[in-house]
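**Q** Provide a 3D model corresponding to the input given below.
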Amino acid sequence: MSAQPKKKGPAKFLPEIQPNYIACLNCNFGWHHPRDLEELQRAWEMGLGYQEIAKVLKRPEIEVVIYIMDQWEKGNLPERPGGIYGRRRRG
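**A** Next comes the predicted model:
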């Protein structure tokens, strides 16, 4: 009979290094696909910056920035001049 390897449980933090702050708990990162993605892509292609896109989507800027990062990483938003700032890139 061979010994079975012990199953690992969830990672446990040592008390002295356990996180004591979780960022963005007040944010809503839920989106309605495909409607919101299509709006984001349209605004992105028009060259709007994240601040203007937030107004179009009627969402806080922080939620839109995270959504842009997520969709860019997935390949749903192309590279563009000005990046997240759009045509009105800050200097």
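**Q** which residues sit in contact with the residue nearest the centre of the chain?
**A** By CA atoms, centre = their mean, the mean C-alpha position of the chain lies nearest to residue 66, the distance being 2.5 Å. Listed by CB atoms under 8 Å, 6 or more residues apart in numbering, the contact partners of residue 66 are 24, 27, 29. Backbone N, C-alpha and C define where each C-beta goes, glycine included.
**Q** What separation do you get for it and residue 17?
**A** As judged by CB to CB, to the nearest Å, residue 66 and residue 17 stand 26 Å apart.
**Q** Name the residues of the helix or strand encompassing the residue nearest to the centre of the chain that come out as buried.
**A** Assigned by DSSP states H and E, residue 66 belongs to helix 61-73. By neighbour count on 16 or more other CB atoms under 10 Å, the buried set for helix 61-73 is 63, 64, 67, 68, 71, 72.
**Q** ok, and the closest non-adjacent residue to the second one?
**A** With sequence-adjacent residues excluded and distances taken as CB to CB, 6 or more residues apart in numbering, residue 64 is closest to residue 54, at 4.3 Å.
**Q** Can you get me a residue count around the one you found?
**A** By other CB atoms under 10 Å, 20 other residues sit near residue 54.
**Q** quick one: contacts of stretch 33-40?
**A** Against stretch 33-40 from outside (CB under 8 Å, 6+ apart): 31, 53, 56, 57, 64, 67, 68, 71, 76, 77.
**Q** I'd like to know which of those is nearest to residue 87.
**A** Distance ranking of the contacts of stretch 33-40 against residue 87, using CB to CB, places residue 53 first at 12.2 Å.
**Q** ok, now how distant is that closest one from residue 33?
**A** Relative to residue 33, and taking CB to CB, residue 53 is found at 16 Å.
**Q** Who has more neighbours out of these two?
**A** Shown here are residue 53 and residue 33; by other CB under 10 Å, residue 53 has more neighbours (23 against 8).
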